[in-house]
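pasting a predicted model and its sequence here:
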Amino acid sequence: MQLLPPLRKEVKSLRLPDSFEVQGAAQAGSAASAAEAAASQPTVTECKPAKGKQCGPKLGSRDDRLRTAHACVSGLVGWVGMAVGAKPEDAALVSGLRLVSKSLNEASDALQEMIEGAGSNLLVNQLYRRDPEAFDACAHLPGMTRARLRSCVDSAMTGQISLPIGWTGRNVRETFCEVVKVPKGAVAPAPGCWGSAEPFNGHDGLGISGLVLTGPTFAHYFFAFLGLLVTALFAALGAPFWFDLLGRFVKMRAAGTPPQTQDQKATPPGAGAGGAGGGASPSGGPEPFSDARNDFERQLTIADKMALQTALHVTATGVLDEATRRALVPRARELGVELANTDELSLLAFLKITNKMPAALAQFDSRNGTDAAKQAQGDLVVHIDALAQKLHDAFDFKSRQVKERDEQRAFAMLWLVRNQSSSGVPSLAELSTLARDTRIGRNMQDWPAEVAAPLLALTADKLSPGNLKRADAKWLDWALGELGQTQASKDRREESNPRVVAYLEAAGFAQHGDNTDWCGAFLAWVVNQYNDDLHGTVSPKLLPVPPASAGRAQAWGDWGDERKGDPEQGDVVVLYRDRFKDSF
């Protein structure tokens, strides 16, 4: 509290151009302005060696003052880190300290970027030229700041070849392209560089103007040709020259500490008499059976991998298997993401395919809402449990279970689907997207804040028997309430999603796990639920019972009454593969 106010004042002045780089008050424009500047800035005491001279104030350069501020913030980071490490008993204090630590680390990173020139347009231009698509994707992420932009672009390029060798996109851009600033309101010139991306339209929140790649010019061709000549010259020196040069380095290495022998390598430190044995591999070593092929893939959790596989429409195994990599390449190409001729995943490809951030980089994504919203979100299950009977009656259901969690989840989802005009309710397209990338899953407590908020605002006084809209074909409400239920892709039913197991049981697959195709089984479950709910009533017409082999999609081709004309809500449609004449 004592250090931050003057520190903020100092940093605020340093964000301006170098207007304080004066060596004394006499060099300022006027005595008044010099005195004002000196009064508001920290001073560095300097003694002159001349006899009889007193030590006087001297304003440091902007670079020196930035480094001083950075050192101060770094000290604060260390102090707060020690406080967190001491594990105070007060949970609120620990939470507050962690937030402070995160903010101070971001401030330290921002100051470091200012010291390195990152606050200028120079680094922004370098990042844009390095990978325009990753730059654009990172700049428009919710919650992005200028301090985080560089680390986000670096993460997006994880796994890409960054050596200045070959005709990769990055090497071509850095050799032949120039970044041109486009002022706000001006018309951006057409991209003139080979294979360059669309112009960057600017971002007011980050203080970045529009950018576009232009070139190449005569100078670019000249230096590229000069580089080829130098390369040819080195190649013309021949193998003997390079082997001789390599031999000189080998002799220099031999003069140092000799390498360990095989026996020394085989004996780990501390493994002598009395040493503790153990079979653990050295820390930091690669996992023996890892499916990751680059640093970014090693950061992914099983949930991240399953979200990717769901978006690629392959079996969600939680492992980056061959089926996933085969589907990854064409999908990335379709979205315009360059994978450097590999089947390795990058951050940009993950972002575009799944429309979500991986767990390891969740700090870049503010779509999950504020801490207060997350705290309130934890009460969603309790809230829906209290409203379950009211929702049941408001939808005019007859005998659905109101105490089962999956049924309560279905009520909540159906309310979202049927109340699109209510304040804050995501559209059906948005709900479908959230369901596809698994952010709306089986457990309501894990639903994102934008989905939980309108449900938490729903109160019992807004619900009365029969006042909620139903589908024209009312049996569809059983299907729509299941939006977001996904399989765990397990062969054993004990390890599967119980709700999907219930679908399979409706088709007679009582012993199957949810790795079994369940489109026909799901339809059978919906029909049975609708008929069971209306059991004993007279007014609505019951649906025909599901076909004998309901688990096979083709069996539904003869179910019900054939109707000609345009499809309507409630119709059952069976699609056939032309090649095999088999339904799916």
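All right, it came through fine. Residues are numbered from 1 along each chain as shown.

tell me where the stretch 451-584 of the chain is predicted with low confidence.
Residue ranges of the stretch 451-584 of the chain with pLDDT under 70: 536-540, 577-584.

quick check, central residue of this protein?
Met357 (1.4 Å; CA atoms, centre = their mean).

what about it, helix or strand, and which?
Following DSSP states H and E, one finds Met357 outside all helices and strands.

strands of this protein, start to end?
Secondary structure of the chain, counting by DSSP state E: strands at 178-182, 210-214, 576-577, 582-583.

out of these, deepest packed?
strand 210-214 (a mean of 21; mean count of other CB atoms under 10 Å). Where C-beta positions appear, they are placed from N, C-alpha and C, glycine not excepted.

what are the contacting residues of it?
124-125, 128-129, 132, 173, 177-184, 186, 188-189, 191-193, 196-197, 199-202 (CB atoms under 8 Å, 6 or more residues apart in numbering).

can you show me the CA trace of stretch 346-363 as PDB?
The C-alpha coordinates for stretch 346-363 follow below in PDB (Å, rounded to 0.1, in the frame of the first residue of the first chain):
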ATOM      1  CA  SER A 346      -0.900 -26.200 -32.600                       C
ATOM      2  CA  LEU A 347      -2.800 -23.700 -30.400                       C
ATOM      3  CA  LEU A 348      -4.200 -21.900 -33.400                       C
ATOM      4  CA  ALA A 349      -5.600 -25.200 -34.900                       C
ATOM      5  CA  PHE A 350      -7.000 -26.100 -31.500                       C
ATOM      6  CA  LEU A 351      -8.700 -22.700 -31.100                       C
ATOM      7  CA  LYS A 352     -10.300 -22.800 -34.600                       C
ATOM      8  CA  ILE A 353     -11.400 -26.400 -34.400                       C
ATOM      9  CA  THR A 354     -12.900 -26.400 -30.900                       C
ATOM     10  CA  ASN A 355     -13.700 -22.700 -30.400                       C
ATOM     11  CA  LYS A 356     -12.300 -22.900 -26.800                       C
ATOM     12  CA  MET A 357      -9.000 -22.400 -25.000                       C
ATOM     13  CA  PRO A 358      -7.100 -25.400 -23.600                       C
ATOM     14  CA  ALA A 359      -7.100 -25.700 -19.900                       C
ATOM     15  CA  ALA A 360      -3.400 -24.800 -19.600                       C
ATOM     16  CA  LEU A 361      -4.100 -21.400 -21.200                       C
ATOM     17  CA  ALA A 362      -7.500 -20.700 -19.600                       C
ATOM     18  CA  GLN A 363      -6.100 -17.400 -18.200                       C
END
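
sort out which residues of that stretch are buried, please.
346-354, 356-358, 361 (16 or more other CB atoms under 10 Å).

do the same with stretch 1-8
So, applying 16+ other CB under 10 Å, buried residues of stretch 1-8: Leu7.

hmm, Leu428 and Leu434 touching each other?
No. With contacts counted by CB atoms under 8 Å, Leu434 stays clear of Leu428, the gap being 10.8 Å.

which one's more surrounded, those two?
Using other CB atoms under 10 Å, the more surrounded residue of Leu434 and Leu428 is Leu434, with 22 against 14.

list the contacts of that one.
Contacts of Leu434 (CB under 8 Å, 6+ apart): 426, 440, 448, 451, 484.

so of the residues you listed, which ones are in helices?
Val451 (DSSP state H).

and which of the contacts of Leu434 is nearest Lys474?
Gly484 (20.7 Å; CB to CB).

tell me, how many residues neighbour the closest one?
Neighbours of Gly484 (other CB under 10 Å): 20.

same check on Ala71?
12.

how close does it sit to Arg65?
Using CB to CB, to the nearest Å, Ala71 is found at 11 Å from Arg65.

make JSON lines out of the contacts of Leu434 and add distance to Asp385.
Below are the contacts of Leu434 laid out as JSON lines (distance: CB to CB, whole Å):
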{"residue": "Pro426", "distance to Asp385": "22"}
{"residue": "Ile440", "distance to Asp385": "18"}
{"residue": "Pro448", "distance to Asp385": "20"}
{"residue": "Val451", "distance to Asp385": "17"}
{"residue": "Gly484", "distance to Asp385": "18"}
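
any idea which of the strands of the chain scores lowest on pLDDT?
Confidence, taken as mean pLDDT, is least for strand 582-583 of those (a mean of 50).

not counting its neighbours along the chain, what's nearest Phe135?
Tyr128 (4.7 Å; CB to CB, 6 or more residues apart in numbering).

what is the least confident helix or strand in this structure?
Ranked by mean pLDDT, DSSP states H and E, the weakest helix or strand in the chain is helix 31-40, scoring a mean of 40.

buried subset of the contacts of strand 210-214?
Buried by 16+ other CB under 10 Å: 124-125, 128-129, 132, 173, 177-180, 182, 188, 191-193, 196-197, 199-202, out of the contacts of strand 210-214.

inside helices: which ones of those residues?
124-125, 128-129, 132, 173.

adding distance to Asp533, write the residues you listed out as CSV.
Output for those, formatted as CSV (distance: CB to CB, whole Å):
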residue, distance to Asp533
Val124, 60
Asn125, 63
Tyr128, 58
Arg129, 62
Pro132, 55
Arg173, 62
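
nearest to Gln569, of those residues?
Pro132 (44.2 Å).

contact partners for Ile353?
By CB under 8 Å, 6+ apart, the residues touching Ile353 are 308, 311-312, 328, 331-332, 335.

can you pick the most crowded of these?
Using other CB under 10 Å as the neighbour criterion, Leu308 leads the contacts of Ile353 with 27 neighbours.

does that one touch Thr354 like I think?
Yes. With contact defined as CB under 8 Å, Leu308 reaches Thr354; the gap is 5.6 Å.

can you tell me the closest non-neighbouring residue to Arg325?
Nearest one to Arg325, counting by CB to CB, 6+ apart, is Asp343 at 4.0 Å.
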